[in-house]
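J.: A predicted structure for the sequence below; I have some questions about it.
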Amino acid sequence: MVADPRKGALREAISAARRRTSTQAWEREDQHRTRHVLAALSDRRAGTAAVYVSLPGEPGTRAIIDGLLEAGWQVLVPKLRREPDWAQFPGWDALVPGWAGIPHPAGPGLGAEALAEADVILLPCRAVGRDGTRLGTGGGWYDRALLHRRADALLIGLAREAEVFDTVPTLPHDVAVHGYATERGWAHC
């Protein structure tokens, strides 16, 4: 895989800005972003959503997952291994630290193909473009995982408003998103 130095520089700039963001600011932004995500999805029939389990310093997903479950959605979360894998969300108390300390369900997963059940996939990103481009964390895990999605699955990046650009650098293997949600709203690309 060929590296693009522009991607690395943008990732570092965004990571530095995230580190400077206070816990209170993250909490406020997460409340607004959660409200926008749940409102946008309330127009859809409850189905299956694939959602990452967030860590401090990235757009939070705890309230989103709770809200989706309350609304009758099934929720898949990543099992972080070298190759993509997914599991049914078992509840917060049943998560264990996985790769890089990222919480995931213990026990066997459902396989990469389980992503084909998802109607909506909420993706982590460092930056997102209004044109649908998405800058991930750099490992390519989601780009590999998204090969197993259904063609009609809605792909939404979760970001901060300061991380939205007209476009972000991409490589041929990078998967575009259909929209994004920030603390200011939900937007289609």
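T.: Now that the structure is in, tell me what you want to look at.

J.: and the longest helix that the chain contains, which residues are buried?
T.: Secondary structure of the chain read by DSSP state H shows that its longest helix is helix 23-41. Within helix 23-41, the residues scored as buried using 16 or more other C-beta atoms under 10 Å are W26, E29, D30, R33, T34, R35, H36, V37, L38, A40, L41. (Glycine included, C-beta is placed from N, CA and C.)

J.: which residue packs closest to the first one, ignoring adjacent ones?
T.: Spatial nearest neighbour of W26, chain neighbours left out: G60 (6.9 Å); criterion: C-beta to C-beta, 6 or more residues apart in numbering.

J.: could you measure from that neighbour over to E27?
T.: To E27, G60 is 8 Å away according to C-beta to C-beta, to the nearest Å.

J.: who are the neighbours in contact with the residue most central in space within the chain?
T.: Nearest to the mean C-alpha position of the chain, by C-alpha atoms, centre = their mean, lies L123 at 2.1 Å. With contact set as C-beta atoms under 8 Å, 6 or more residues apart in numbering, L123 has these partners: Y52, R134, G136, Y142, L155, I156, G157, L158, V177.

J.: most neighbours, which of those?
T.: G157 (31 neighbours; other C-beta atoms under 10 Å).

J.: which SS state does that residue fall under?
T.: Recorded secondary structure, G157: strand (DSSP: H, G, I helix; E, B strand; the rest coil).

J.: I'd assumed R134 was in contact with it.
T.: Yes. Between G157 and R134 a contact is recorded at 5.0 Å, counting by C-beta atoms under 8 Å.
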